[in-house]
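Q: no FASTA, just this:
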């Protein structure tokens, strides 16, 4: 337990931020799962539509400090490469 008032506040803030970040990451992971299913079923149109949604979510998460910018760029690049292999 924190001894100082400011330490208690930081603890409360950290719990809120951690929960918010976890929800954001779960949302992104769900979108990736949908994209992978679309890729498996060879549905390029659906995969591209979801890719735009994914890119927006990842860029927003990067802006808020949830992801590092290079990690976000690498993940987006790899996912788009998989989508672009579809015919």
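A: That came in fine, so what should we check first? Computed from a prediction, not measured in an experiment: that's the story for all the values here. Numbers count the residues shown, from 1 in each chain.
Q: what number of residues lie near residue 83?
A: 17 (other CB atoms under 10 Å). C-beta coordinates here come from the backbone N, C-alpha and C atoms, glycine included.
Q: Show the pLDDT at it.
A: Confidence at residue 83, expressed as pLDDT, is 95.
Q: Contacts only, for it.
A: Residue 83 is in contact with 35, 39, 44, 47-48, 51, counting by CB atoms under 8 Å, 6 or more residues apart in numbering.
Q: At the geometric centre of the chain, which residue do we find?
A: With distances taken as CA atoms, centre = their mean, the residue of the chain nearest its centroid is residue 28 (3.5 Å).
Q: Residue 60 is in contact with that one, correct?
A: No - in this structure, residue 28 is not within contact of residue 60 by CB atoms under 8 Å, at 9.5 Å.
Q: low-confidence ranges in the chain?
A: Of all residues in the chain, none has pLDDT under 70.
Q: which stretches of it form helices?
A: Using DSSP state H, the helices of the chain run over residues 5-40, 44-63, 69-84.
Q: Buried deepest among these, which one?
A: helix 44-63 (a mean of 16; mean count of other CB atoms under 10 Å).
Q: Next, the angle helix 5-40 makes with it.
A: 160 degrees (axes from the mean of the first three to the mean of the last three CA atoms, to 10 degrees).
Q: who does helix 44-63 touch, helix- and strand-wise?
A: Packing contacts for helix 44-63, counted by 3 or more CB pairs under 8 Å, 6 or more residues apart in numbering; DSSP states H and E, involve helix 5-40, helix 69-84.
Q: Just the residues contacting that helix, thanks.
A: In contact with helix 44-63 (CB under 8 Å, 6+ apart) are residues 24-25, 27-28, 31-32, 34-35, 38-39, 67-69, 72, 75-76, 79-80, 83, 86-87.
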